[in-house]
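In: attaching a predicted model along with its sequence, questions to come.
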Amino acid sequence: MNNSIANIIKDVPEFQVMVEKAQERTVGKPIRVAIAAADSENILKGVFMAQEDGFVEPILVGSYRKINEVLEKIGAKDRKYDIHPLDNDTNKVQYSIDMIKSGNADMLMRGNTQTRDFLPDQRLPASCPAQDQPPDPPRQDPDPCRHAQDSDLP
């Protein structure tokens, strides 16, 4: 895991600017990121790459066994991180949010959890005027995913 974010995106100027700005803002004070259900291989790889670039301090929240299996698989057991082991009955997202509220983390990140469990309820309030509007009519555009028909073949 010696790839850093800066090395991976070096050919994309727009991303280089974002990385430079993030590096400027986090010099000497990385962001403490609480990762809810942190047993996700891709999430941990990305977080440790961001750690190499000095952006974040990972806080891994979830099943100790599952997180350690992923850390072992990606070769990151020796990396610096804080782990908060929770049993299956504990809501990992709410625990991570509570860490932020108590000042023990700066940012929330979704790990191996469903988006519906991660995001707040998005229903419209009862007084929303959009509820009184009729639904939009169906689109009459041709199907953009149309498969080739026999008449399209030579």
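Out: Sure thing, it's come through.

In: so which bits of the host helix or strand of Lys21 are buried?
Out: Following DSSP states H and E, one finds Lys21 within helix 13-25. Along helix 13-25, these residues count as buried under the neighbour rule (16 or more other CB atoms under 10 Å): Val19, Ala22. Just so you know, the C-beta spots here come from the backbone N, C-alpha and C atoms, and that holds for glycine as well.

In: show me the shaky parts of the chain.
Out: For the chain, the stretches with pLDDT under 70 are 1-13, 15, 26, 120-154.

In: give me the element the residue nearest to Ala76 when sequence neighbours are not counted is part of.
Out: Of all residues not flanking Ala76 in the chain, Phe48 sits nearest, at 5.4 Å (CB to CB, 6 or more residues apart in numbering). Assessed by DSSP H and E, Phe48 sits inside helix 41-52.

In: so which elements touch that helix?
Out: Packed against helix 41-52 by the contact rule (3 or more CB pairs under 8 Å, 6 or more residues apart in numbering; DSSP states H and E) you find helix 5-8, strand 31-36, strand 56-62, helix 64-74, strand 107-110.

In: ranking the ones you listed by burial, who's on top?
Out: Stretch with highest mean neighbour count among the helices and strands packed on helix 41-52: strand 56-62 (a mean of 25; mean count of other CB atoms under 10 Å).

In: what packs against that one?
Out: In terms of contacts (3+ CB pairs under 8 Å, 6+ apart), strand 56-62 is packed against strand 31-36, helix 41-52, strand 82-85, helix 92-101.

In: closest one to Glu20 among these?
Out: helix 41-52 (13.9 Å; CB to CB).

In: and Met107, what are its bridge partners?
Out: On the basis of DSSP bridges, Met107 takes part in beta bridges with Val33.

In: which residues does it contact?
Out: Counting by CB atoms under 8 Å, 6 or more residues apart in numbering, Met107 makes contact with Ile31, Arg32, Val33, Ala34, Val56, Ile100.

In: farthest-apart pair in these, please.
Out: Spatial extent of these (CB to CB) is set by the pair Val56 and Ile100 at 13.9 Å.

In: possible to save the helices and strands packed on helix 41-52 as JSON lines with distance to Arg25?
Out: Compiled in JSON lines, the helices and strands packed on helix 41-52 are given as follows (distance: least, CB to CB, whole Å):
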{"stretch": "helix 5-8", "distance to Arg25": "14"}
{"stretch": "strand 31-36", "distance to Arg25": "9"}
{"stretch": "strand 56-62", "distance to Arg25": "12"}
{"stretch": "helix 64-74", "distance to Arg25": "27"}
{"stretch": "strand 107-110", "distance to Arg25": "12"}
